[in-house]
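> Just the structure for this:
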Amino acid sequence: QVQVIESGGGLVQTGGSLRLSCAASGRTFNGYTMGWFRQAPGKEREFVAAIGWLGVRTYYADSVKGRFTISRDNAKNTVYLQMNSLKPEDTAVYSCAARPPKYTGSYYLPREYDYWGQGTQVTVSS
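Residues are numbered from 1 along each chain as shown. Have a look, this model is predicted:
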């Protein structure tokens, strides 16, 4: 059974930092792109960041570029999202997802990710 489990969310003040982790298990994730998405109350889910299998290619939403860093440790099947200079508008449920290599479209589209975690809440107070 495939499991994707996020951790590391919490409450932080504006300007603070958090590091999210995503542990995947239950199958081989060779060749998978891993992504982070977020959804705020009353809003649609939006792409945050993605990282290719080798960890060389990374992609970010404009709203987080320069503040967030995505990384991965394939030996541990774990993906990280380091979030710095957090703003109240970053408040959302952050979900990790796995994108199989069969998809060659757009890494920012949720429909190309087959496995999802339950999400972890990030709240940034002003």
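
> okay, now the closest residue to Asn84 other than its chain neighbours: neighbour count?
Leaving out its chain neighbours, the residue that sits closest to Asn84 by C-beta to C-beta, 6 or more residues apart in numbering is Ser17, at 4.7 Å. C-betas here are computed from N, CA, C, even on glycine. Neighbours of Ser17 under the rule other C-beta atoms under 10 Å: 11.

> now that we're looking at Ser17, which residues does it contact?
82-86 (C-beta atoms under 8 Å, 6 or more residues apart in numbering).

> Restricted to buried residues, select these in ChimeraX.
Remark: buried members of the contacts of Ser17, expressed as a ChimeraX selection using 16 or more other C-beta atoms under 10 Å:
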select :83,86
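
> Export the contacts of Ser17 as CSV, with columns for secondary structure, pLDDT and distance to Asn30.
Listed next are the contacts of Ser17 as CSV, based on DSSP: H, G, I helix; E, B strand; the rest coil; pLDDT from 0 to 100; distance: C-beta to C-beta, whole Å:
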residue, secondary structure, pLDDT, distance to Asn30
Gln82, strand, 98, 24
Met83, strand, 98, 27
Asn84, coil, 98, 30
Ser85, coil, 98, 34
Leu86, coil, 98, 33
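
> Looking at the contacts of Ser17, which is nearest Pro101?
Nearest to Pro101, judged by C-beta to C-beta, of the contacts of Ser17 is Gln82 at 25.3 Å.

> wait, that closest one sits on Ser21?
No: Gln82 lies out of contact with Ser21 (C-beta atoms under 8 Å); the separation is 10.2 Å.

> one step back: would you format the contacts of Ser17 as CSV with distance to Asp73 included?
Formatted as CSV, those follow (distance: C-beta to C-beta, whole Å):
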residue, distance to Asp73
Gln82, 13
Met83, 18
Asn84, 20
Ser85, 24
Leu86, 23
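
> wait, which of the contacts of Ser17 is closest to Gln39?
Using C-beta to C-beta, Met83 comes nearest to Gln39 of the contacts of Ser17, at 15.6 Å.

> Find the nearest non-adjacent residue to the most centrally placed residue in the chain, please.
Closest residue to the average C-alpha location of the chain: Trp36 at 1.9 Å, with C-alpha atoms, centre = their mean. Using C-beta to C-beta, 6+ apart and skipping residues adjacent in sequence, the residue nearest Trp36 is Val48, 4.3 Å away.
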